[in-house]
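**Student:** Here is my input, please return the structure:
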Amino acid sequence: MNYPITLTVDEDIYLDTILNNVLLGVYDANDDTRRHARTIRDKLLEARNGAITAATRAVARNDWELYADHPDYKEAILALERGWSHAKTLPDMHAALDHMNPILEKFIEVGAMDSEPLRELDRRLNETFGTGR
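**Tutor:** As a prediction, the model looks like this:
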């Protein structure tokens with residue numbers, strides 16, 4: 001069975017914890033509840049294995065145009081994507097920038113403060129808030 005889902009970066013990060021807790025939470029339950037929990041866990045695992053996660057897509061796309069040969073490359077892209085997923089829910093552009101700037105500065109060695117990542121941030125700000133930096 002193929003589940004047509006994609007996971008956000010945060011959903012992908014927490015999925016392992018959720019899957020483990022499904023069984024741990026019903027350790028003392030009756031057989032039917034444990035069987036049902038195993039079925040849910042198995043369906044989630046199957047869905048995860050069949051889905052290309054948002055994190056994998058973000059690293060492959062490299063929208064931020066970071067230095068792909070840097071050892072912290074994947075960590076930087078995931079941090080920027082997580083940061084953006086929160087920043088876009090903030091009430092205005094200034095709050096979003098305040099949230100994103102420390103992340104960009106943290107990964108300066110990966111190229112996060114170069115013109116390309118700043119242009120990507122401007123593009124996303126414009127799409128979300130109607131204006132760039």
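
**Student:** the helices in the protein, which residues?
**Tutor:** Applying DSSP state H to the chain gives helices spanning 9-24, 31-50, 54-61, 73-87, 93-106, 115-129.

**Student:** Roughly how far does residue 99 sit from residue 113?
**Tutor:** According to CB to CB, to the nearest Å, residue 99 and residue 113 sit 16 Å apart. (Glycine included, C-beta is placed from N, CA and C.)

**Student:** More neighbours: those two, which one.
**Tutor:** Legend: neighbour count by other CB atoms under 10 Å for residue 99 and residue 113, higher for residue 99 (16 against 13).

**Student:** which ones are touching the more buried one?
**Tutor:** 83, 86, 87, 90 (CB atoms under 8 Å, 6 or more residues apart in numbering).

**Student:** Turn those into CSV, columns for distance to residue 71, neighbour count and pLDDT.
**Tutor:** Below are those laid out as CSV (distance: CB to CB, whole Å; neighbours: other CB atoms under 10 Å; pLDDT from 0 to 100):
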residue, distance to residue 71, neighbour count, pLDDT
83, 20, 20, 90
86, 25, 13, 90
87, 25, 23, 91
90, 31, 16, 91
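
**Student:** With respect to residue 122, which of these is nearest?
**Tutor:** Checking the contacts of residue 99 against residue 122 with CB to CB, the nearest one is residue 87 at 12.8 Å.

**Student:** residues in contact with the closest one?
**Tutor:** 95, 96, 97, 99, 100.

**Student:** Not counting its neighbours along the chain, what's nearest the second one?
**Tutor:** Using CB to CB, 6 or more residues apart in numbering and skipping the chain neighbours, the partner closest in space to residue 96 is residue 87 (4.0 Å).

**Student:** where's that neighbour relative to residue 118, distance?
**Tutor:** 14 Å.

**Student:** List the contacts of residue 113.
**Tutor:** By CB under 8 Å, 6+ apart, the contact list for residue 113 reads 104, 105.

**Student:** And it, how far from residue 84?
**Tutor:** 16 Å.

**Student:** do the same with residue 105
**Tutor:** 15 Å.

**Student:** One more: residue 102?
**Tutor:** 13 Å.

**Student:** more crowded one of these two?
**Tutor:** Higher neighbour count among residue 102 and residue 84: residue 84, with 23 against 9, using other CB under 10 Å.
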